[in-house]
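Trainee: the sequence and its predicted three-dimensional model are supplied below.
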Amino acid sequence: MTNEYVPPKVWTMENDNGGQWASINRPDSGARFDKALPKGEHPIQLYSMGTPNGQKVTIMLEELLALGVTDAEYDAFLIKIGEGDQFGLGFVEVNPNSKIPAMVDQSMPDPIRVFESGNILLYLSEKFGRFLPKAWGARTEVMNWLFWLQGSAPYLGGGFGHFYAYAPEKFEYPINRFAMEAKRQLDVLDKQLAKHRYIAGDEYTIADIAIWPWYGNLVLGHTYNAAEFLDVKSYLYVQRWANMIAGREAVQRGRIVNRAWGECWEQLPERHCAADIDRVLAQKPSDV
């Protein structure tokens with residue numbers, strides 16, 4: 001390799017090489033400006049964006065509503081992370097880490113803030129008693145895969161996705177390093193799904209809801225334009241599972257919430273009632 005990088009003794013912001021997020025990324029935390037969050041009338045207030053982590057929560061909420069859990073009704077407000085909305089004082093008070101999604105449960109006497117997408121799924125499943133088995137062994141298996149996702153997704157998104165799709169320059173070493181890890185993770189899933197209908201067994205759970213937005217979207221060609229590069233068609237059981245989950249009505253509804261890009265029928269920046277989603281999906285072409 002030529003032009004080998006020699007790290008300075010002390011890293012400073014001036015050493016950063018820029019990129020798509022250079023205008024908002026900083027090595028400190030906390031609010032950068034005073035901005036209150038909007039509030040709706042429903043029990044659940046969600047502040048998010050339709051990224052894979054955001055989709056986890058909106059899919060979960062739509063699945064709960066599909067089961068008739070009316071207390072899961074929610075308002076979803078768009079947080080434009082590219083514009084730095086996550087650094088407003090109101091958002092930081094809900095999530096001091098300034099990452100989407102963040103949620104407030106207004107149904108409690110003292111509203112409860114919930115952040116980290118995996119924790120939001122766990123909170124909702126325990127609150128409403130759905131998508132998490134009660135039997136200790138089965139519950140533990142679901143939690144195995146939920147924590148697997150929380151540990152693995154940063155390699156896929158912040159690692160492979162960043163260097164393959166978003167970095168200002170293409171570098172062979174990090175792309176190869178994270179492509180290898182992404183494929184290893186797909187192999188882990190493929191071998192698990194060869195033995196089970198769903199991720200954690202024969203029951204649809206928050207493990208599926210957590211993992212599908214990352215790995216399901218990846219193998220269906222919805223993220224990073226990397227399906228051919230990673231040869232995702234070779235993971236037959238992941239393909240089977242991804243298509244099965246994608247066919248669920250609640251998944252189709254949840255994946256478009258807080259989304260402001262793509263086709264008109266998959267964009268819903270804010271959601272305040274079921275009719276909001278109905279109106280957008282009505283535009284979906286019949287052959288899609």
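Mentor: Yep, it's here.
Trainee: centroid-nearest residue for the chain?
Mentor: N53 (1.4 Å; C-alpha atoms, centre = their mean).
Trainee: ok, now which ones touch it?
Mentor: Contact analysis of N53 by C-beta atoms under 8 Å, 6 or more residues apart in numbering lists 99-101, 117, 153, 213. Just so you know, the C-beta spots here come from the backbone N, C-alpha and C atoms, and that holds for glycine as well.
Trainee: neighbours of the residue nearest to D34 when sequence neighbours are not counted, how many?
Mentor: If the residues on either side of it in the chain are set aside, D34 comes closest to L89, at 4.9 Å by C-beta to C-beta, 6 or more residues apart in numbering. Using other C-beta atoms under 10 Å, L89 has 14 neighbouring residues.
Trainee: try Q283
Mentor: So Q283, with other C-beta under 10 Å, has 11 neighbours.
Trainee: so who does it touch?
Mentor: 264-265.
Trainee: show me the helices in the chain, by range?
Mentor: For the chain, the helices defined by DSSP state H cover 52-66, 89-94, 117-128, 136-154, 172-193, 206-211, 217-219, 236-246, 249-254, 274-281.
Trainee: looking at the ones you listed, which is closest to D34?
Mentor: Among those, helix 89-94 comes nearest to D34, with 4.9 Å by C-beta to C-beta.
Trainee: tell me the buried residues in that closest one?
Mentor: If you call a residue buried by 16 or more other C-beta atoms under 10 Å, then helix 89-94 has these buried ones: 90-92, 94.
Trainee: now do stretch 180-189
Mentor: For stretch 180-189, by 16+ other C-beta under 10 Å, it's 182-183, 185-186, 189.
Trainee: what's it in contact with?
Mentor: Contacts of stretch 180-189 (C-beta under 8 Å, 6+ apart): 148, 152, 155-156, 159-160, 199, 211, 215, 218-219, 230-232, 235, 237-238, 241.
Trainee: hmm, 10 Å instead?
Mentor: Applying C-beta atoms under 10 Å, 6 or more residues apart in numbering, the contact partners of stretch 180-189 are 145, 148-149, 152-153, 155-157, 159-161, 164, 199, 211, 214-216, 218-219, 224, 226, 229-232, 234-235, 237-238, 241-242.
Trainee: could you dump the helices of the chain to JSON lines with mean pLDDT and distance to E41?
Mentor: Output for the helices of the chain, formatted as JSON lines (pLDDT from 0 to 100; distance: least, C-beta to C-beta, whole Å):
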{"stretch": "helix 52-66", "mean pLDDT": "98", "distance to E41": "15"}
{"stretch": "helix 89-94", "mean pLDDT": "98", "distance to E41": "18"}
{"stretch": "helix 117-128", "mean pLDDT": "98", "distance to E41": "19"}
{"stretch": "helix 136-154", "mean pLDDT": "98", "distance to E41": "31"}
{"stretch": "helix 172-193", "mean pLDDT": "98", "distance to E41": "39"}
{"stretch": "helix 206-211", "mean pLDDT": "98", "distance to E41": "25"}
{"stretch": "helix 217-219", "mean pLDDT": "98", "distance to E41": "31"}
{"stretch": "helix 236-246", "mean pLDDT": "98", "distance to E41": "31"}
{"stretch": "helix 249-254", "mean pLDDT": "98", "distance to E41": "20"}
{"stretch": "helix 274-281", "mean pLDDT": "98", "distance to E41": "14"}
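Trainee: most tightly packed of those helices?
Mentor: Ranked by mean neighbour count, these are led by helix 206-211 with a mean of 28 (mean count of other C-beta atoms under 10 Å).
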